[in-house]
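K.L.:
The sequence isn't on hand, but the structure is:
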C-alpha cells in the first residue's frame, strides 16, 4: 500500500501510538534513559516535593500523585519506596496517597497494586496533590514548518521512510502560533520550527485536572529568545540518537517551547532549570570527605556513588539543563525559593 506524505504531527501520532507504533511495542527504558532511570535521587527529590505540596494543602485525604507518561511506573515505585524509608511518617502519607500512572501501554506485570493505571488524563478539577509529567510533552506530536525560497513558512510533509517535502503554507492556528512564539518571517530559506500549540493544549488539559495542588512538566526545553534555527526533531533507538523516521522503529521527539506551554497553563507558573529545581529539593552532588574513607569505607563508597548520580542529574549540559515548568493552583510549594 502506498502512503501519501502527511504532516509530521499525523506521522508521529501513527508511528508512536498506532497499532504498530513504537510505544505500543517497546518499553521506553530500553531505548532512552530519563532522570528516573539515572538515579533514585530523582524519585527522592519528587518525594520531597510531594511532602511540600502535602504540607501546603493541609494534609488532604486522599492526596493525589499522578505521573503522566509513566513508562513502567518507575517514578511512582521510587516515591513509594522513599516514603516507606521514612517509617511512621512516610506510612502516614502512604495511607492517604492515591498514586496513578497515566500511560498508553498495558499495565506492567508485578506493579505494586497500590499504583493505579489509566490511559486517559483525569477529569478537570478532580485532583488534590501533585501531577508530574517527566519527558512527556516532547512526545506529544507536532507539525514542522520550514521556510521556502521566498521566505514563506510551509508545512513539512513526510513519508514513512522519512523522506520530506514542503507542503502548503501555514495558516490559521499554526500560523498564529508561529507568529507569536517562533517567528520564521525573515529567517531565511530552510529555517524550521516545530509548531507547539498541541503541547500547549495537552499541558492545559493535564494541569487543569488539579482542583488544588501543583503540576510540574519536566522536559527538553527552549524559549523564544533562543529557539534553534533548524528545529530539534530527532529519533532515538536503543539508547542512541538516530534519523527521525516515522515508521514505528524509533522514538520521535522534539524539544518543548516551554514559555508557550506556560502561557496556556492554569494558576501561577514558574520556570527554572532542573539543576535549580533539584538544588531546591536537596540534591547537591557534593563529594564525601576523604576522612570518611578511613573511618567508614562502605559509607564513603555509597556517598561517592550518590554524588556521581547527583552530578549527572545536575549537569547543566545534560539532565540538569532540562526545563521545569511549575504550575501552582491554590497552593504554594515555594520551589523557586530553594
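P.N.:
Nice, I can see it. Since this is a predicted model, take the numbers as computed values, not measurements.

K.L.:
going forward, measure contacts between C-alpha atoms and count neighbours the same way
P.N.:
Noted.

K.L.:
what ranges do the helices span in the chain?
P.N.:
Along the chain, the segments classed as helices by DSSP state H run 8-17, 22-25, 35-38, 40-57, 74-84, 87-96, 172-181, 197-207, 258-264, 274-280, 291-295, 297-314.

K.L.:
counting contacts, what elements does the third one pack onto?
P.N.:
It refers to helix 35-38. helix 40-57, helix 74-84, helix 297-314 (3 or more CA pairs under 8 Å, 6 or more residues apart in numbering; DSSP states H and E).

K.L.:
now it: how far from the chain's centre is it?
P.N.:
12 Å (CA atoms, centre = their mean, to the nearest Å).

K.L.:
And for the second one?
P.N.:
Mean-position distance between helix 22-25 and its chain equals 18 Å (CA atoms, centre = their mean).

K.L.:
Buried residues, that helix. List them.
P.N.:
Using 16 or more other CA atoms under 10 Å as the test for burial, helix 22-25 gives 22, 23, 24.

K.L.:
Also the fourth one?
P.N.:
The neighbour-count check on helix 40-57 (16+ other CA under 10 Å) flags 40-54, 56-57 as buried.

K.L.:
quick one, it and helix 87-96 angle?
P.N.:
Computed by axes from the mean of the first three to the mean of the last three CA atoms, to 10 degrees, the angle separating helix 40-57 from helix 87-96 equals 70 degrees.

K.L.:
Please give me every residue in contact with the residue nearest to residue 204 when sequence neighbours are not counted.
P.N.:
Spatial nearest neighbour of residue 204, excluding adjacent residues (CA to CA, 6 or more residues apart in numbering): residue 265 at 5.0 Å. Counting by CA atoms under 8 Å, 6 or more residues apart in numbering, residue 265 makes contact with 200, 203, 204, 207, 208, 327.

K.L.:
Now do the third one: how many residues are near it, please.
P.N.:
When you say that, I think you mean residue 204. Close neighbours of residue 204, defined as other CA atoms under 10 Å, add up to 18.

K.L.:
what's near enough to touch it?
P.N.:
The neighbours of residue 204, taking CA under 8 Å, 6+ apart as the test, are 261, 264, 265, 266.

K.L.:
go again using 7 Å as the cut-off
P.N.:
Shown in contact with residue 204 (CA atoms under 7 Å, 6 or more residues apart in numbering): 264, 265, 266.
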